[in-house]
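Chemist: here is a sequence with its predicted model. Questions after.
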Amino acid sequence: MNVDVVEPPPIEPWVLVVGLLAPTIFWVGYTYYKDRIRPEPFVPVGIAYLLGIAAGFVGYEIYVLAEWLGMPEPYVLGETNRPWFFVYVVGFVGVVEEVIKAVPFLLVVRKMRDFDEDIDGIVYASVIALGYATYENFLFLPYLEGPARWGRAFASPLVHMMFSSIWGFAIAKAHLRGQSIVRPAVATLAIAAVTHGLYDFVSTDPILAPASSLAIGVVWVWRIRLTAKLHKAELARRARAEPDSEPSRTETAPVDPQS
């Protein structure tokens, strides 16, 4: 993340508002669509989103502190010393951003009453990531114009959501089974951090940049297949349940989980 203090060029307020709200509405809608069998209540989802914004602020301050301590600016490093830039994005950026997003998930979200399904790990981790990306876009969008601005507005939330889904699901699965979350949390946070760092490195290379989209696509396909599997399991559970047995949240009509 670039924390250069150079003033951004003027941007129309409505452009910034649309650039922040439109992707948020779109990706929240996508997340609810994927969780449509037993959708989460709006209040805890809203809390998770706000926690993500707060995490974005903390992450920014960490980058400011790192530069104050003498760490070179990432974009300068990326243009002048690619090997050290690789170390920076994999060993620092990926770790900082994935851990910062995971903190509110671990301390607050997983203890919520409505956090009661494996898929909730994906949903809430994604919403936290969306909040984090919203704060990042608040900082970055004024520096961009045209297609680059709108491309980042929609792509940044997607990228953060995909990486967070890795550890969100693993932690939820262990937590809801009464198992220790330490090992799955450490392992999947490491995977997400390395993947995140690799993505940042590849996406900033003019030659390798197209491969970054492929990497996100692979994680996205994994997530789609996983949510479909979880939907099938939930529908099977309902089929086995007694007619008068109801889940903790309002049921919706059965749907095709693959759609």
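Modeler: Received the coordinates, thanks. Numbers count the residues shown, from 1 in each chain.

Chemist: check which residues of stretch 107-122 are buried.
Modeler: For stretch 107-122, burial by neighbour count (16 or more other Cβ atoms under 10 Å) applies to V108, V109, R110, M112, D114, F115, E117, D118, I119, D120, G121, I122. Just so you know, the C-beta spots here come from the backbone N, C-alpha and C atoms, and that holds for glycine as well.

Chemist: cool, stretch 11-20 as well?
Modeler: Buried residues in stretch 11-20, counted by 16+ other Cβ under 10 Å: L16, G19, L20.

Chemist: so where's the stretch 101-250 of the chain uncertain?
Modeler: Counting by pLDDT under 70, the stretch 101-250 of the chain shows low-confidence ranges at 242-250.

Chemist: got the residue ranges for the helices in it?
Modeler: 118-140, 146-176, 182-203, 209-240 (DSSP state H, counting those that start in this stretch).

Chemist: mind putting these into CSV with distance to V99?
Modeler: Shown next, in CSV, are these (distance: least, Cβ to Cβ, whole Å):
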stretch, distance to V99
helix 118-140, 12
helix 146-176, 10
helix 182-203, 6
helix 209-240, 18
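
Chemist: quick one, which of these is packed in tightest?
Modeler: Highest mean neighbour count among those (mean count of other Cβ atoms under 10 Å): helix 118-140, with a mean of 25.

Chemist: now do that helix: which elements does it pack against?
Modeler: Helix 118-140 is packed against helix 13-34, helix 42-68, helix 94-107, helix 146-176, helix 209-240, with contacts defined by 3 or more Cβ pairs under 8 Å, 6 or more residues apart in numbering; DSSP states H and E.

Chemist: what sits up against stretch 79-86?
Modeler: Contacting residues not belonging to stretch 79-86 are listed as P74, L77, G78, G197, F201, T204, D205 [Cβ atoms under 8 Å, 6 or more residues apart in numbering].

Chemist: how does it look with 10 Å?
Modeler: For stretch 79-86, the external contacting residues (Cβ atoms under 10 Å, 6 or more residues apart in numbering) are 72-78, 87-88, 93, 197-198, 200-202, 204-205.

Chemist: let me see the mean pLDDT of it.
Modeler: Stretch 79-86 carries an average pLDDT of 89.

Chemist: send me it as PDB with only the CA atoms.
Modeler: Taking C-alpha atoms only, stretch 79-86 is exported to PDB below (Å, rounded to 0.1, in the frame of the first residue of the first chain):
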ATOM      1  CA  GLU A  79      10.100   0.000  -9.900                       C
ATOM      2  CA  THR A  80      13.800  -0.100  -8.700                       C
ATOM      3  CA  ASN A  81      14.400  -3.400  -7.000                       C
ATOM      4  CA  ARG A  82      12.000  -6.200  -7.900                       C
ATOM      5  CA  PRO A  83      13.700  -9.000  -5.800                       C
ATOM      6  CA  TRP A  84      13.300  -6.900  -2.600                       C
ATOM      7  CA  PHE A  85       9.800  -5.900  -3.700                       C
ATOM      8  CA  PHE A  86       9.000  -9.600  -3.800                       C
END
